[in-house]
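Enquirer: sequence plus the predicted model coming up.
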Amino acid sequence: MTTHKWTKWAVLEGLTKTTSRTFQKVVGGASNNWGGTFLAAGIIGFVQVLYAAIVITRQGGKFFKDPVGIFGCVMFGLLALISTVFGFATFLYGGDISISTFIVTLSIVPGMIIDVVFFKYKSTPKEWVGMAIAIMAGWAVLDFPSVSGLLTLPIWVLFACGTMMSTAINQGITQKVKKVDAMFKNFWGGMVALVGAPLILLFRGEFNLILTPGSNPTLWKASAFIGLVVICMWSFNLLSYKTGASIALKKLVMNGTYLLTTMMLGYIIFGEHITGGKLTSIPLFVLAYVLMDKKAWDYVTGRSTDGSPGNATKPA
């Protein structure tokens, strides 16, 4: 199989996700409390809104051109804020970076359920088998806990599951607002964190965290850097599609890179153990993904009719 130009952009997108996740762990460790997680989310929202506003203004775009689109983007931003805070909270409570990242990528499971329930997608037995394998992969990455062990998992696992669920729901919202411009979406979506985070801090009596950036420079710098990394992530995502990537295979390459590099950095930087369960979970995830995504399945089985990954009707 020839090397596709899009592959490098998909790999780079995976690496930016790993970088963002790594700095989320740094921020989580520096947060000290929930107030710090909301502050970090607000800083990221500020970077997103600022960048999107500059791009829209330079392109002569309008900020209020689509009221329905604005509502959808705000809803997306609300779920993104919840996902971001849960991500930071995962590490605030000592989460394992590779395990929590893997749990988040398992959003394909609730994502398929959302497709079936809300988008009337007609699933196949093969896809339900894939879902079962994905759940098995989640069990493996936790190192095969017993039923009683599942009931005593640390709280950060619940936050990782919260991130997974909010990510899956946001995939459904993305389908509803897919026609809006990317910068328009990021401007209004990021606005939720930019406005909402300070209001939450004010309600919690921790607004002074915004007024005293020098009290926690690590959190401020790491959060701002995550915002910049997200901008690069958008660019690599766009470039992969511009150079011919299919959604299914791009996501497979990106997630494969994301999972592997996160596991490696967790071991190298944070001294996390690489267990047999973690190593088993990745091939299980790949198998589950291929079974659950028709485009990936068509490509792997050679059923594509146009020389590219298969033509599927399932929402990506």
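Expert: Structure's in. What do you need? Numbers count the residues shown, from 1 in each chain.
Enquirer: hey, let's count contacts and neighbours off CA atoms from now on
Expert: Noted.
Enquirer: what ranges does the stretch 1-150 of the chain have for its helices?
Expert: 6-31, 34-58, 67-92, 97-105, 108-118, 125-141, 147-150 (DSSP state H, counting those that start in this stretch).
Enquirer: could the ones you listed go into a markdown table alongside distance to T262 and mean pLDDT?
Expert: Putting those into a markdown table (distance: least, Cα to Cα, whole Å; pLDDT from 0 to 100) gives the following:
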| stretch | distance to T262 | mean pLDDT |
| --- | --- | --- |
| helix 6-31 | 6 | 88 |
| helix 34-58 | 21 | 92 |
| helix 67-92 | 14 | 89 |
| helix 97-105 | 6 | 89 |
| helix 108-118 | 19 | 80 |
| helix 125-141 | 13 | 91 |
| helix 147-150 | 24 | 78 |
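Enquirer: of those, which is nearest K278?
Expert: Closest approach to K278 among the helices of the stretch 1-150 of the chain is made by helix 125-141 (4.4 Å; Cα to Cα).
Enquirer: other SSEs contacting that closest one?
Expert: Judged by 3 or more Cα pairs under 8 Å, 6 or more residues apart in numbering; DSSP states H and E, helix 125-141 is in contact with helix 97-105, helix 108-118, helix 276-292.
Enquirer: on that earlier part again, any chance of CSV for the helices of the stretch 1-150 of the chain, columns distance to N216 and mean neighbour count?
Expert: Output for those, formatted as CSV (distance: least, Cα to Cα, whole Å; neighbours: other Cα atoms under 10 Å):
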stretch, distance to N216, mean neighbour count
helix 6-31, 8, 23
helix 34-58, 9, 22
helix 67-92, 15, 23
helix 97-105, 22, 24
helix 108-118, 36, 18
helix 125-141, 33, 20
helix 147-150, 35, 10
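Enquirer: out of these, which is closest to V286?
Expert: Comparing these by Cα to Cα, helix 125-141 comes nearest, at 8.7 Å.
Enquirer: what sits up against that closest one?
Expert: 99, 102-103, 106, 109, 145, 277-282, 284-285, 287-293 (Cα atoms under 8 Å, 6 or more residues apart in numbering).
Enquirer: how far off centre is that helix?
Expert: 19 Å (Cα atoms, centre = their mean, to the nearest Å).
Enquirer: between helix 97-105 and it, find me the angle.
Expert: 160 degrees (axes from the mean of the first three to the mean of the last three Cα atoms, to 10 degrees).
Enquirer: what angle separates helix 125-141 from helix 276-292?
Expert: Using the same axes, to 10 degrees: helix 125-141 against helix 276-292 is 170 degrees.
Enquirer: now the angle between helix 108-118 and helix 125-141, please.
Expert: Using the same axes, to 10 degrees: helix 125-141 against helix 108-118 is 140 degrees.
Enquirer: could I get the helices of the stretch 1-150 of the chain as CSV with distance to P213?
Expert: Rendered in CSV, the data for the helices of the stretch 1-150 of the chain read as follows (distance: least, Cα to Cα, whole Å):
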stretch, distance to P213
helix 6-31, 12
helix 34-58, 10
helix 67-92, 18
helix 97-105, 26
helix 108-118, 38
helix 125-141, 37
helix 147-150, 39
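Enquirer: tell me the spacing between N208 and N32.
Expert: 15 Å (Cα to Cα, to the nearest Å).
Enquirer: between these two, point out the one with more neighbours.
Expert: N32 (15 against 12; other Cα atoms under 10 Å).
Enquirer: could you list every residue that touches the more buried one?
Expert: Going by Cα under 8 Å, 6+ apart, N32 touches L92.
Enquirer: how about G111?
Expert: 168-169, 171-172.
Enquirer: if we go to 10 Å?
Expert: 164-172, 315-316 (Cα atoms under 10 Å, 6 or more residues apart in numbering).
Enquirer: any idea which of those residues has the most stuff around it?
Expert: The most crowded member of those, judged by other Cα under 10 Å, is M164 (27 neighbours).
Enquirer: surely that one touches V104?
Expert: Yes. M164 is within contact range of V104, at 4.3 Å (criterion: Cα atoms under 10 Å).
Enquirer: list residues touching both of those two?
Expert: Contacts common to M164 and V104, judged by Cα under 10 Å, 6+ apart, are 83, 87.
Enquirer: nearest to F187, out of the helices of the stretch 1-150 of the chain?
Expert: Short answer: helix 34-58, nearest of these by Cα to Cα, at 4.6 Å.
Enquirer: before I go, just wanted to say thanks for your time.
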